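>>> Next come a sequence and a model predicted from it.
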Amino acid sequence: MGNHRLIATAQIYGNEQDVGRAIRDSGIKASELFVTTKIWTEFLNKNKLKASLEQSLEKLQLDQVDLTLVHWPLPDEVPVQSYVEALAEAKQAKLTRLMGVSNFTVSQTKAAIDAVGVQEIATNQVEVHPFLQNRTLVAFLKEQGIQITAYMPLAYGKVLSEPLIQQIAAGHQITAAQVALAWSLQQGFVVMPSSTKKVNLAQNLAALAVNLTSENMTQLTSLDRNERLANPDFSPAWD
Ligand SMILES: NC(=O)c1ccc[n+]([C@@H]2O[C@H](COP(=O)([O-])OP(=O)(O)OC[C@H]3O[C@@H](n4cnc5c(N)ncnc54)[C@H](OP(=O)(O)O)[C@@H]3O)[C@@H](O)[C@H]2O)c1
């Protein structure tokens with residue numbers, strides 16, 4: 001069986017210090033891991049971003065992270081360009097190998113592309129699962145060649161009790177969680193399921209080997225109901 005090698009942290013999660021210690025204690029080389037962090041909103045400006053990422057690196061005990069994301073876009077009054085450029089400067093200073101965005105709409109992604117160029121935007125990490133298929137944004141990102149990272153791919157566990165998903169799972173002798181993850185993976189998304197249980201982590205990793213039929217994929221399309229779970233009051237005007 002494979003191993004999980006992508007480690008997702010964020011300044012706001014408060015987990016950089018613990019993850020840094022765990023990486024060091026594991027003895028695994030940083031070059032064999034893919035460590036990401038996300039810049040919180042208060043640091044999204046040219047004066048603060050670089051110093052905040054340096055602090056993250058100190059907590060993570062790393063010289064560089066693999067990927068740094070703008071965690072959430074700022075309100076429309078603040079030009080996207082101002083903070084995406086600040087992140088590009090931190091990347092030029094080699095604090096992060098790659099950069100990207102999260103929770104960006106089509107128009108905010110366009111503004112980011114205009115500011116730094118599409119090749120600089122490694123991903124847009126957004127909520128995507130069978131109940132929120134996000135088709136407008138997904139189509140736009142595919143057209144631009146920007147990798148989609150699907151967060152909350154299990155709709156925080158809600159997909160597990162969905163009858164159609166359970167029925168497809170039974171047909172393949174797999175679990176409902178694996179059906180939901182395979183649905184994302186087969187569309188080319190990177191998936192970010194979380195679990196506190198080793199058995200579920202292993203099961204989720206095994207979804208990489210699942211092959212849903214095109215009929216299954218079509219059936220799952222019908223579950224879209226624009227059900228958004230991560231929707232704080234500072235969210236952008238979603239597509
Ligand atoms: N960029 C952003 O703004 C943003 C926002 C939200 C989330 N995220 C990212 O997305 C990740 C995942 O999101 P999430 O944790 O909110 O939602 P999720 O991955 O869709 O669902 C997690 C829930 O599903 C359960 N679960 C996981 N695997 C399972 C399995 N095989 N069988 C049964 N239950 C299973 C977990 O419980 P157990 O612990 O009991 O397994 C947990 O309750 C987060 O860790 C975070 O990195 C990013």
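Noted; the coordinates are in hand.
>>> Break this protein into its domains for me.
1-127, 151-229 (automatic domain parsing).
>>> Turn the ones you listed into JSON lines, columns for mean neighbour count.
(C-beta placed from N, C-alpha, C; glycine too.) Conversion of these to JSON lines gives the following (neighbours: other C-beta atoms under 10 Å):
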{"stretch": "domain 1-127", "mean neighbour count": "17"}
{"stretch": "domain 151-229", "mean neighbour count": "17"}
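>>> Kindly report the residues of the chain close to the ligand.
8, 71, 102-103, 125, 151-157, 160, 175, 177, 192-197, 200, 203-204, 230 (C-beta under 6 Å from any ligand atom).
>>> hmm, try it at 8 Å
When proximity is defined by C-beta under 8 Å from any ligand atom, the chain lies next to the ligand at 8, 10, 13, 38, 69, 71-72, 102-103, 125-127, 129, 151-157, 159-160, 175-178, 192-197, 199-201, 203-204, 229-230.
>>> so what's Thr136 up against?
Contacts for Thr136 (C-beta atoms under 8 Å, 6 or more residues apart in numbering) come out as 106, 239.
>>> tell me which element it is part of?
When elements are assigned from DSSP states H and E, Thr136 belongs to helix 135-144.
>>> just checking, next helix/strand downstream of that helix?
Sequence-wise, the next helix or strand downstream of helix 135-144 (DSSP H and E) is strand 147-151.
>>> Mind giving me the packing neighbours of that next one?
strand 96-102, strand 121-127, helix 135-144, strand 190-192 (3 or more C-beta pairs under 8 Å, 6 or more residues apart in numbering; DSSP states H and E).
>>> which parts of the longest one are buried?
By neighbour count with 16 or more other C-beta atoms under 10 Å, helix 135-144 contains the buried residues 137-138, 140-141.
>>> If we ignore the residues flanking it in sequence, what's nearest Pro79?
Ala111 (7.3 Å; C-beta to C-beta, 6 or more residues apart in numbering).
>>> For Pro75, see how far away that neighbour is.
13 Å (C-beta to C-beta, to the nearest Å).
>>> Please give me every residue in contact with the residue nearest to Ala86 when sequence neighbours are not counted.
In space, and not counting its chain neighbours, Ala86 is closest to Leu49: 4.1 Å by C-beta to C-beta, 6+ apart. Listed by C-beta under 8 Å, 6+ apart, the contact set of Leu49 reads 39, 43, 83, 86-87, 89-90.
>>> wait, which of the residues you listed is closest to the ligand?
Using C-beta to the nearest ligand atom, Ile39 comes nearest to the ligand of these, at 11.2 Å.
>>> surely the closest one meets Trp72?
No. With contact defined as C-beta atoms under 8 Å, Ile39 and Trp72 do not form a contacting pair (9.4 Å).
>>> And the helices in the protein?
In the chain, helices defined by DSSP state H lie at 16-26, 49-60, 80-92, 106-116, 135-144, 163-172, 176-185, 198-205, 214-221, listed in chain order.
>>> To Phe234, which of those helices lies closest?
Nearest of the helices of the chain to Phe234, taken as C-beta to C-beta: helix 106-116 at 13.2 Å.
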